[in-house]
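In: structural data only, the sequence is not supplied:
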């Protein structure tokens, strides 16, 4: 195992033990909110992910989640939460991150992920080699994608 692989494993374990964004959503007044439940029937992982979006700017002001499952699904949701929070993403920017993550996780280790877009989420690139774990890693990202569709419906 390379030093980088070890660092990535440590990052995943740290996020699964001390998750970012886990808890109830506290939405600011006037924010558009959305919530989505996602379930992976192949392993039992599940997540409820909620967002609050500023209607004027489209910026995701808050993201919170509750869930249970394997360390990969919980770490992935935590990394996603940190990315959204730290980058102060708009809904459009979040869609770009979701697409980049999906491309990375479905590439089966081929190609190089865009670290600029994905940040610490590149630590999950190795999951792509294990087909049964791809859904685990995607769980929170798919829930966010559903939330973004709900918010876009509210904005229209």
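Out: Happy to help now that I have it. Source: prediction; values computed, not measured.

In: okay, strands next: where are they in the protein?
Out: In the chain, the strands defined using DSSP state E lie at 32-39, 46-53, 60-68.

In: what's the most buried one of these?
Out: strand 46-53 (a mean of 23; mean count of other CB atoms under 10 Å). Where C-beta positions appear, they are placed from N, C-alpha and C, glycine not excepted.

In: which helix runs longest in this structure?
Out: helix 131-155 (DSSP state H).

In: related to what we said a few turns ago, residue 19: which of the strands of the chain is closest?
Out: Shortest distance between residue 19 and the strands of the chain, using CB to CB, is found for strand 60-68: 8.2 Å.

In: how far does stretch 31-42 sit from its chain's centre?
Out: 11 Å (CA atoms, centre = their mean, to the nearest Å).

In: what does stretch 26-35 give?
Out: 18 Å.

In: repeat that for stretch 117-135.
Out: 11 Å.

In: so which elements touch the longest helix of the chain?
Out: If you count contacts as 3 or more CB pairs under 8 Å, 6 or more residues apart in numbering; DSSP states H and E, helix 131-155 packs onto strand 32-39, strand 46-53, strand 60-68, helix 71-87, helix 91-105.

In: excluding its backbone neighbours, what's nearest the most centrally placed residue in the chain?
Out: With distances taken as CA atoms, centre = their mean, the residue of the chain nearest its centroid is residue 80 (3.3 Å). In this structure, residue 80 finds its nearest non-sequential neighbour in residue 140, 4.9 Å apart by CB to CB, 6 or more residues apart in numbering.
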